Every structure is written in structure tokens, then in C-alpha cells.
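Visitor: Sequence unavailable; structure follows:
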């Protein structure tokens, strides 16, 4: 998760920078359209800031011998907000002119000061407000405190005393800013008078200040706050009382799409911001401010898990709760264990937050000196001084870990452990959710919180039954927070050692004799404590950070060497690396030494040698060999590449901290713990039971809540895999069934045979099919047309026309019919390595001409481009040149048109002239840097890179395709960069003739935005970040956990896409284009000739098929004369 | 009881009609019939019936979903007169059958012969090694790595390293190379059942025959092979030949997984591929059935020819 997060952060950074580039976002968008493209781009300057920001260590080191007397102070961000509109007032008249250009603003009248002020003031809140203030929703007041879900996790989460300090007393906010706010507030009030309160605050895209009343009504705290939208930069003026190193905390409230609404989703991703101090990012770690959300499990009223009809527990749904929380400025990678520090000199500063994704509300920001925690020994003395005593035996509190009160991620859900018969609850035949954590709870910053109310005041020890069987020879770490604070230094890093079975032990520290001395915690009776376990890297962090540095250096060195030698270096040649790339050699030397030291240190720390150290040693041996003898560098370059990957994976694995917990007990110190594992006979009996029960268990239930009535059901056949089918099942039970009672839905996982079973009359009612199959089955009457179904127009509206095109056909009676609704829509996009492009000093191409200019630069550096060949490439160029695949309504192929022949020639030229490779393993070559630019299907490559290439995290992004420039009818130069979509659809099969209405309801439900959103989000939650779903539903796409920039890119490409209708006989086209392409590639045949050779064959097949199905067709004999072939000039 | 039998036995065969006599024989051997019944029923349902149905379908325009119409000989006429690809397929199949059929037969035989000379324990191991390509189903997929068109494929990488080529050769996407590669791989996988049956055949030869042969004036190993070994293992030779030739004609899956479907420019398109093309891509089951019927006839003819050839062994 972390890995992709950081990459997304990177993309977000670039977006933000772009937005900053122009004085007004709205205006920037307009100019872009006028210029012909509104495609987001990455400039070299953006990359410079990205790759040249110093690290935190360097940052701290740069402040040697400075005076540091930090003094705690609190700033209310609502009051300190610098409204850009107000700030602009001071700038020159040019701004006004710009604004006057905007038609919506209607400030054509001579700009007297008042009018200009008005326009500018409202500009950041959406231009329309100037004319239609009544409809402007953002500042309306709301009076539904009961609908406020914030009261669930609420107020005392991390409430620090500082936050309660009276805001008015703070000296931090200087007068001009207050002035600004006052004005803004006035305006707000004016508008309030003009409109009726809607009863709900509806955040717009614009950042705005919420005054204390609004905050109280909406969010339940009596102080001014600021709403930060999911885009752009928000800046705040602060006044630092004394120079020094400060860390800070921010009081924030999570926001969904709408405040106050019970189940307002928001995207199911963390809120992310980038910190800027006086306009600049102080160090690279400040890019990643991750503010977690909070989730609860939806349980039955009696607190149990829901069960399916067989009696298996069903994984509960996760619901986000909105509430106040405190963010501490920490390193999101976990390498720095303590809160990060920034150095602020006395006086005025501007703190800025650039949005990466998701809106949020900020209230107070507390600046503090570096954190110091008491030692446990001191805490213990304190206990003695206060006269605290151990509790009695009866006071013990046992908490089942699988039922936490809150979790930081929706991915942390209860699990089923069958490895031990004494894991509680357990059942030999049924699924019981009985543990939590494991690989779902392994990334730094993820936490689980239990709210515990004790019955007896006194000192408790904490025992846990846990399993850490993943990291052999290592330990995993957790921090313990009680009411938002770490009680003592040692609780910052509680270590869980490896064992292949369950362990049961108390949380404590080892004393001199190696015996564990339990920590005692003081709890008062009747009070509720929030006990939170957060993933940290612990003592491992320093070592891992160093390994990470080595990895970065090795990567850089590899690319440098690669640029000289190419991917398969000549072993006999003397490259003279010492002269050409001395820094690369130094980097390898450094890495060899450092990794060796790290390996030794790890062994010392854990006292075990294991496979993890062996990995490091292997890398060290290779590096040693390479640096000791220069000839070995060329020989081992390929190995180096492999080992960089290995090291990346190793680092990723070591950074994950999986821990599975069965239950926790708070009890009197010294209580004897029960055995951690069942004894032999218990296990044996359990296994015997399980074995015999397995004969009677229905495994096909797929978690269905009720047994489906075989006579009254919709049968759905999927080919999407077991996990996905299970998720679909759950969504059906929780969503579809409740709104559509009266019939059941049966979901079956199949691996094909849909047509055959339809033929036999035992086929499904609904099936998942590729678009080509869908249409091909339809012309054989196996798929039903949807056009007459109720609500068809509504259902289709969500999908891009290109995707629908692939599912449409004018049938043999001349009626246009649609045969399915898109499930997934995928298409090609351009992936590129930002680090390499920056290194080479080139920008990502926007047109194919740009690309051609880049090719020599890449080829000089022994790199190349991964480009779609054959049919995929031909389609791409054909549609970007404005061509079509078919002519005359599908009656003949259009590949003999001039446009098509041009497109095909251009494609084959690329491969012949630039020697693009035809066959390659895309992800592999991308990760090694051999192909820094890659045109690939976006979803599969994205998902693959997320898990496959952790070492290039944050060094790549994807953007819309390059395109061809053309001049439109108005004489403007535009770029056509459309992509051709591939669609997988859900279809109504012939089997559904009887229950068409019901099956259609299922289809409608499955493809609607809400379901698609839930489905996609669940998929990520259950299967992981590498299972992002390429939904075709435009309304659902917004809700998916992409960063703003990624979303913009994907939706841009989706809007600029084409879909090829599948006509009868379409299968023949791919084959012959491939043949033509290979003729050119292998034998150097003239491209046009090669293509023209096959035109007759294609047309014949199309005619034959059209005749077979009774479509209007050209006569086969007529086609053979080549009469349709245009002459090519 | 015995009286009854006596009465029945009294009725002579000449006194019965043919049907009566058959029925009587069936009743007499009913245990044998019961024992063979499971096989016959399954064989009929899953082999004979489909073949017959397919022959019937070959005269229709069946498309898997809609009711078929009878089109008489149209499928066959199209196949021979209007289908260029079919001619390519026939050509390729013939080449395959001509090289791979006898080729694999000869290789199987030679390997079996050599292995037969080894001491028993080593023989068992070597047999397993030789037989393994054909038991481990998709093992031939390793050839896709060897002949990968990627510059990292073994063949390409070696040739590039040695400096013979600078651009990777598209082994499996270049009409020039596809067929030879497929033939090599086919031969490699062909040490299958035929090979095993030969080994069994060699071991089944009675050693006293060699002694007798030596007495009768056999001078060398060749004569021994031709006059003693081969005639003794004729049944195995027959079995091996049938297997080899059917395999060669039914060759398709290996090509598909190596060169894709269809192979570039139909360069390795066999009748099996053509059948697949029409059967499962175009869903023209009628036409595909016509192809299947033809293939059946060709195979049958080839088998008859082989029988004739083998009858000459040892003469």
C-alpha cells in the first residue's frame, strides 16, 4: 500500500505544481482548452523539484549550530488562512484583465475598485457565484447535529490540552490576515441572508473558512476551522515566537463527499497533503503527510458477525466514520521513528498544504518542541509515588481482537484462522472470523483501536495471543497509544518475535537476565480508554533506511552504466568505467560496504541468521566482485539488475510488519497465561472432525446469506475469479437483495463453456463476456438485446460512448441493438520513468513527433520504447488519424483507405527505422529502465508494477497517449490522442428469456455507479492494491482510490477514446493485420502492398459471415475485383 | 438341469437360423459380454456416436445455436474449391505427417533399440528420461523460451552474444522459421507410446530365437534385427506406427502454443487448426465437421497403407 501511495503522492505533487503555475485555476483550464489540449503534463521543472529535494537527514544536518529554543504555540488554521483572492488584490491590474476575459464573470464594465474586489474575492469559490449567489451552496448553514457522525469516534481522540487553548488569545495570527478573514466572513454572512439554509453543508471544490458557529453546528467543536478542497494549495500565515526545531500536530476532521450525511463515502483512501514552508518543500519526507480515516465494522445488533445460510461467518462491511482526529507530523515511510522536525526562525512564516488527494477540515495546528517520552522506570516510580496497586484476579478483561472499535484502513478486517484449534471462536466445519491483522495490518501507520472500560482501578499488565510467522529471523513492531499518547518510551516499539506457531506472552521488556518484565498500565475504573496499536518500523527503521539509500544508489548507478553499455553489454570490451562513470562505481562501492554492515547489524539485533540476511550477503558478494574488478561490471550487469529487484523486494518485505492477534487480556501482573497452542490430542480431534465434516459442507455457498430458490432466481455466471465472485456475492446480499426482494441471485464461477450451455438450454441468465463474444453470441441469438428494457437509457448514460460502441450492432433487420453493459473498460496509456526522463533531460512526449525526437536520446542511452505492434498499434494510429476500421456500415474493411494505409505505414516505419522490439516483457523492461517509455494497457501494468517493482516506487507515472497534431476547421492546431477501448461486458443470455425483467434488474444494479464503486473498493480492500478495477462507469471512476492526477489522466483518456464496433466476421481482421505487419517486419515488404494483399481475403470473410446471418452484404465475386481499393498517391 | 442342456445340445447348428445361433452363442458367453459392456457402451457414446454425428453434421450448416439446415455437399464443395487456406492446411499437414510420422517412428525405434542394449537398471532410468517429454504434458513450452522472439530468449541471446545477429529473430512469428521449429519440437515430444511399446517388444523377444538364428547362419546384428527381432515384435510395430501417424495428422496443439493461433501467414496451419478455426472461432460446426470427416478418412487411409507396408517386414 505504501509503495503505491508514495507514487500517487508524487503524481499529486506534479498536479499541484501545475496548478500553481498559473494565477488562477479556472483561467488555466480555459487557456488550455483554447490551446487545443487540456491534458496534464509533467515539465522538467516539476521533476527537478521532485528529484532534487533534500532528505530529512540532510535537512537536519544543514542546521548545525543553530539556536533552538522552541516554545509550544497553537495556530488556528481557520484564522490564519491566506485567502488567495484577497492576496491578489495587492497585485497589478493585469489580473483584473484576465478575470474580465472570463465570460462567466461578467465584469466587462469598467473595473472600479469595488467590482474588482468583489470578483476577485469570489473567484476562488467558483466563478458562477458572481452572478448567481443564491445557488451557491458552499457556505450554507446546517443544523443537523444529530446526523453528525463525528460523535462516534469523537472528541477525545488525541485531544491534546493545547487544542483546548482559547484561540482568541493566540498571537500567531497577524492583523492583515484577520482582516481578510473578517471580510470573507462578512461576505459569507451576506450570502446566508440571501438563501434558505439547506440543512446540510455541501463542500464544493473550493477551499473556504468555516466560522466557529458553522463548525459547532456541523462538526461539533466550537472553533474556527478551514475546509481544504482536494486540489490546490492552501497557505497559512503563522508567527513563530522563538526560533527552533518544531514538530507539529494538526486537529483535523475527515470529510466525505458531503458533511453530515450518515454514510457519505468519500473516497476510501487516506487524506494526503504536502507540506510547504515559505513556499518550498523543506525535505522529501514532507511530501507525504498521510492523515488516516477511521473505520468501524458493521456488526449485527447483538455484536456478532453475520452468517451465511450454512452458518459461516461473513466478513463484516467496513463503514467510514467521520470525526475529529489528530495528525502528528511523522515520516510516512516509518524510517524516522520520532515525529519530524522543521526549523522555524522567529517571526512570520507561511505554512502551505498542497493537496494530493481528498478534502479535509483543519482546525488547530500545534507547534511543539521535539517529543520526549518518560522511561518506563520513571513511570513505575510514579506509580509507586501515587500508591497504585495491582488489580485483583477478577478484574481481568479479555478482548477478542477480531472485533476492534476502530481501524485506520478498510483493509483491516477480521480473518479466519484454522491453524489452531484453540483460536477462539473456532469450528471444525464452518468459517469463524476469529483473528485480525496478518498481512492486512502490516504497513507503517496502520492502526487498530480498542475502546476498553475497566471495572477496577489499578495496574494491569497486557497479554496477547499472537502469531508472527512471516518474518523469519526478524521481529515486527507496534507502538501502543493510550488515549492518543504513547505512555512511555518503551511502548513506542513493542517487538514481536518470529515463531511458526501461536505465541502467548505479556507485553514487557527484557531485563538483564533475559526475563521479560511486564509493563504495567494504570487504568481507572469506569473510564473508557482508547488503546491503539500502530505499525511502526521500530529499531529496524535505521537499518532499513540505510538499505533503502543503498537501493536508490544502486538504481542510479545501474542506469548510468546502462546508458553506456546497453542492456546486454559486450563482455570483452573495455568500457573504462572508472573514467566514464566514476560516481556509479563509487555508489556501488558504498552500497557494498553499507549492505555488508547492515547484514551484520541485523544478525546482532535479532540474534538469528536467516534467509533475510542471506539475501543481503548475496548482493554484497556481487557488488564486491563488480567493484574489485572493472571487467566484472559489464559481465554482471544483468545480475546487478536482478539483484536490485531482489533487494527492492527484500526491503518491501522487511518494511511490512504483519502480526495476527487472536485476543488480548488486561490482567493482574503475574497471572499464569494459558498455553499458546493446542496440545497434540486437541489438534488431532479437531482435524478428525474437520475431515469428516468436509464431506457434508456446501462449499458453493460463496457466502450467500440465504439459500437461493432454484425456481425463482437469476443465475449469473462469472469468469472473474473466486475472490471477485465472493465480493460480488456479498454486494448482492447487502445491496441488491434488500432493494429487490422476491427472487434470488445465484452466482457461479465458471471457466468458459457459456455458449455450449446456452445451446444445451442450461445456460445462465447473466454472463460476463468480452465485447467481441457478446456481439458474436448475439448475432446467433444467444444474447438478448437490451434496448427495450426499462431504464435502458439511464443505465447507458454512465458509460463512455466508445465503450458502448463495442456492444452495439445494427442487426439484420436494420435496427440498432445493444447487447450488454460494460463491466471493465481498458485501454492503452503511456507509462514513463520520471527519474530517467529527468536524467536525460527530456519531457514526456505529447505527440508522436515529440516521441520521435526523444527516440534518438533514448537510443543513445541504450534504451528503447515499448510500443504496441501489429493490430493494437494499427488500431491506435488508425483512430488517432481519424480513420475507421470498417466502411459502409461494416460491409467491408476500411484498411485500404489512404488514412489506414498511412497509419499502417507509419507504424511499420517506427518498427523498421527505430528497431523497436516486437516482443518484450513490459513490466520487467520498465523496471530495469530499458524501456523508460511504455505504451501499455493501463490497469494491468499499473497493478503489476504496484507489487512487482517496489524499487522504482515513485519514479514512474502514467499519462494519456501521445497523439497526432491536426488542424481543425477553425484553423486551430489540436492533438488527437484517443485510445481504442477493450470492453468486458455483462450480458443477458438467452436463458433469461423467462425472467428477463429480473435479470435486467441485476444488470442495472451491477453497472450503476454505487455498486461499481463498492465493488472496486472492496476489491482493493480484500485483494490488495494490485487489484484495481478498470470500471467503465464514469461516475464510479471519480470515487475510486486514484489520486486526483491519476483520475484526471484516466478520465481524460476515457473521454478521448474510440470503440470499434464488432461486425460479423470481425475476428478475421486481427489475423490479417498481424500477417501484414509480420510480412513488413520480417521480409521488408512495402507496407501498403502488404496490407492490400489481405484486403480481399478480409472482405470475403466479412461478406460470407454477413450472408450467413442474413445481413446485407457485398457479393463475394464483386469484392475480388479490388474495386474498392483506393489508389494511394 | 443336465437333461436340459443335453436337449439343447442336441439341436444342431445346421438346424438353427443364423440369428438363433448368434443369440445362443451370446447367451452362452454372456459373462464375456457383460464384462466388455462398460467399455463398449462408453466407447459407443463417446467415440462412435460423435464420429457419426459429426459426419451427419458435415452435411448441414449447424452453427452451435440455431437449428441446422441440410446443405448437402456444399461444405465439401467449398472445402475443395473455395478454400485456399484449406489447401495450405493440407500441404502443411502432409509435410508434418511425412516428416514427423516416420521421423518419430524411426527415432522411437532407434532409441528403443539402443536402450534395449543397456543393463536393466540403467535401462529403466534412461527409459524414463526419454519418455518424460511426452508424459510431462506441457513440457514443450520450454521451447517457447528457447525460441522466444524477445532478445532475451535463449536462441536470440546466444546468437546476439556471438555476434551473428544484432536484432532478435522473430522465431515463432516469421513464416520462414515456424514450420522447422514446430517439426523439431514435434519430434522431441514424439517419444511417446510408440517408444514404450517398442521397448516392450524388444524385451518380449525370446532369446532362444537368437541362438537358433545363429545356428541357422545369421551373420550380423542387422540380419538378427531384420529376420528375428522385427518379425517377432510386429504387433508392437503396428501399434507404434498407428500411433505415430495419428499423432502426426492430429498435430496442432503444439503449434498453437508455440506459434500462436493462427500461425503467421498460416505457415504452420494444419488441418487440425483449420478445424479449430471453423469450429470454435467462426462457430461453423457444419463446415468443421466436414473437415473432421475428411481428416478421419485420410487417417484411415494412411493406417491401411501402413499395415500393408509392415506386412513386408522380415520378408
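Guide: Nice, I can see it. Since this is a predicted model, take the numbers as computed values, not measurements.
Visitor: what's the next secondary structure element after the helix or strand of chain A with the lowest mean pLDDT?
Guide: Across the helices and strands of chain A, the lowest-confidence element by mean pLDDT, DSSP states H and E is helix A:25-35, at a mean of 32. Using DSSP states H and E, the helix or strand that follows helix A:25-35 towards the C-terminus is helix A:44-52.
Visitor: end-to-end on stretch A:723-743?
Guide: Taking CA to CA, to the nearest Å, the first and last residues of stretch A:723-743 lie 24 Å apart.
Visitor: For it, buried residues please.
Guide: Buried residues in stretch A:723-743, counted by 16 or more other CB atoms under 10 Å in any protein chain shown: A:724-733, A:735-737, A:740, A:743. Every C-beta, even on glycine, is put in place using the N, C-alpha and C of the backbone.
Visitor: So which of these sit within helices?
Guide: Here DSSP state H is the test, and the buried residues of stretch A:723-743 give A:724-731, A:737 as lying in helices.
Visitor: for the buried residues of stretch A:723-743, which one is nearest residue A:275?
Guide: residue A:727 (36.5 Å; CB to CB).
Visitor: Let me know whether that closest one touches residue A:1011 as I believe.
Guide: No. Using CB atoms under 8 Å, residue A:727 is not in contact with residue A:1011, being 10.9 Å away.
Visitor: residues in contact with residue A:216?
Guide: By CB atoms under 8 Å, 6 or more residues apart in numbering or on different chains, the residues touching residue A:216 are residue A:222.
Visitor: about what we covered before: what about chain B: which of the ones in helices among the buried residues of stretch A:723-743 touch it?
Guide: Checked against chain B using CB under 8 Å from any CB of the partner chain, those yield no neighbours at all.
Visitor: got a markdown table for the residues you listed, with distance to residue A:354 and pLDDT too?
Guide: Shown next, in a markdown table, are these (distance: CB to CB, whole Å; pLDDT from 0 to 100):
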| residue | distance to residue A:354 | pLDDT |
| --- | --- | --- |
| A:724 | 36 | 84 |
| A:725 | 41 | 84 |
| A:726 | 39 | 82 |
| A:727 | 34 | 84 |
| A:728 | 38 | 86 |
| A:729 | 41 | 83 |
| A:730 | 37 | 81 |
| A:731 | 35 | 83 |
| A:737 | 44 | 76 |
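Visitor: tell me the mean pLDDT for stretch B:295-309?
Guide: Across stretch B:295-309, pLDDT averages out at 86.
Visitor: gap between that stretch and the chain center?
Guide: Offset of stretch B:295-309 from its chain centre (CA atoms, centre = their mean, to the nearest Å): 11 Å.
Visitor: How about the contacts made by the residue lying closest to residue A:918 once chain neighbours are set aside?
Guide: Counting by CB to CB, 6 or more residues apart in numbering or on different chains, residue A:918 lies nearest to residue A:869, which is 5.4 Å off, once chain neighbours are set aside. By CB under 8 Å, 6+ apart, residue A:869 lies in contact with A:907, A:911, A:916, A:918, A:1077, A:1081.
Visitor: wait, which of the residues you listed is closest to residue A:597?
Guide: So of those, ranked by how close each gets to residue A:597 (CB to CB), first place is residue A:916, at 43.2 Å.
Visitor: Helix, strand or coil: sort out the closest one for me.
Guide: When classified by DSSP: H, G, I helix; E, B strand; the rest coil, residue A:916 comes out as coil.
Visitor: Am I right that it is in contact with residue A:865?
Guide: Yes. Counting by CB under 8 Å, residue A:865 is a contact partner of residue A:916 at 6.0 Å.
Visitor: Those two: which has the busier surroundings?
Guide: Neighbour totals were compared for residue A:916 and residue A:865, and residue A:865 leads with 22 against 19 (other CB atoms under 10 Å in any protein chain shown).
Visitor: Give the buried residues for stretch B:50-59.
Guide: So stretch B:50-59, judged by 16+ other CB under 10 Å, has buried residues B:54, B:57-59.
Visitor: In contact with residue A:480, which residues?
Guide: Contacts for residue A:480 (CB under 8 Å, 6+ apart) come out as A:462, A:486-487, A:491, A:494, A:507, A:531-533.
Visitor: Residue numbers of the stretch 501-650 of chain A in contact with chain B?
Guide: Taking CB under 8 Å from any CB as the contact definition, the stretch 501-650 of chain A meets chain B at residue A:568.
Visitor: can you tell me how far the residue lying closest to residue B:277 once chain neighbours are set aside sits from residue A:612?
Guide: Nearest residue to residue B:277, sequence neighbours excluded (CB to CB, 6+ apart): residue B:262, at 6.8 Å. Distance of residue B:262 to residue A:612, computed by CB to CB, to the nearest Å: 49 Å.
Visitor: Could you do residue A:624 as well?
Guide: From residue A:624 to residue A:612 the distance is 19 Å (CB to CB).
Visitor: Same check on residue A:411?
Guide: Counting by CB to CB - residue A:411 and residue A:612 are separated by 25 Å.
Visitor: Next, count neighbours for the residue of chain B found nearest chain A.
Guide: Among the residues of chain B, residue B:149 lies closest to chain A, at 3.8 Å counting by CB to the nearest CB. The tally of other residues near residue B:149 (other CB under 10 Å) stands at 21.
Visitor: my guess is it contacts residue B:177, does it?
Guide: No. The criterion here is CB under 8 Å, and residue B:149 misses it with residue B:177 at 10.0 Å.
Visitor: what sits in contact with each of these two?
Guide: With CB under 8 Å, 6+ apart as the test, residue B:149 and residue B:177 both reach B:169-171.
Visitor: want to throw the residues you listed into CSV with distance to chain A?
Guide: Shown next, in CSV, are those (distance: CB to the nearest CB, whole Å):
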residue, distance to chain A
B:169, 9
B:170, 6
B:171, 10
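Visitor: Select only the buried ones of these in ChimeraX?
Guide: In ChimeraX syntax, the buried subset of these is picked out as below (16+ other CB under 10 Å):
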select /B:169,170,171
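Visitor: Pull the distance from the longest helix seen in chain B to the chain's centre.
Guide: The longest helix of chain B (DSSP H) is helix B:84-116. Centroid separation for helix B:84-116 versus its chain: 10 Å, with CA atoms, centre = their mean.
Visitor: Over to stretch A:1016-1026?
Guide: Mean-position distance between stretch A:1016-1026 and its chain equals 10 Å (CA atoms, centre = their mean).
Visitor: What is the neighbour count of the nearest residue to residue B:284 once chain neighbours are set aside?
Guide: Nearest residue to residue B:284, sequence neighbours excluded (CB to CB, 6+ apart): residue B:278, at 4.7 Å. When counting by other CB under 10 Å, one arrives at 24 neighbours for residue B:278.
Visitor: dump the residue contacts of residue B:278.
Guide: Residues counted as contacts of residue B:278 (CB under 8 Å, 6+ apart) are B:284-285, B:287-288, B:291.
Visitor: in the stretch 801-950 of chain A, which spans are strands?
Guide: Secondary structure of the stretch 801-950 of chain A (DSSP state E, counting those that start in this stretch): strands located at A:808-810, A:816-818, A:821-826, A:828-833, A:865-866, A:886-887, A:892-893, A:933-937.
Visitor: Average pLDDT for the last one, rounded please.
Guide: Model confidence over strand A:933-937 averages 91 on the pLDDT scale.
Visitor: So is that strand next to chain B?
Guide: No. When contact is scored as CB under 8 Å from any CB, no part of strand A:933-937 falls within range of chain B; the minimum is 14.7 Å.
Visitor: now what about that strand, what contacts it?
Guide: Strand A:933-937 is contacted from outside by A:826-833, A:837, A:844-845, A:851, A:854, A:858, A:865-868, A:876, A:922, A:925-926, A:941, A:961, A:982, using CB under 8 Å, 6+ apart.
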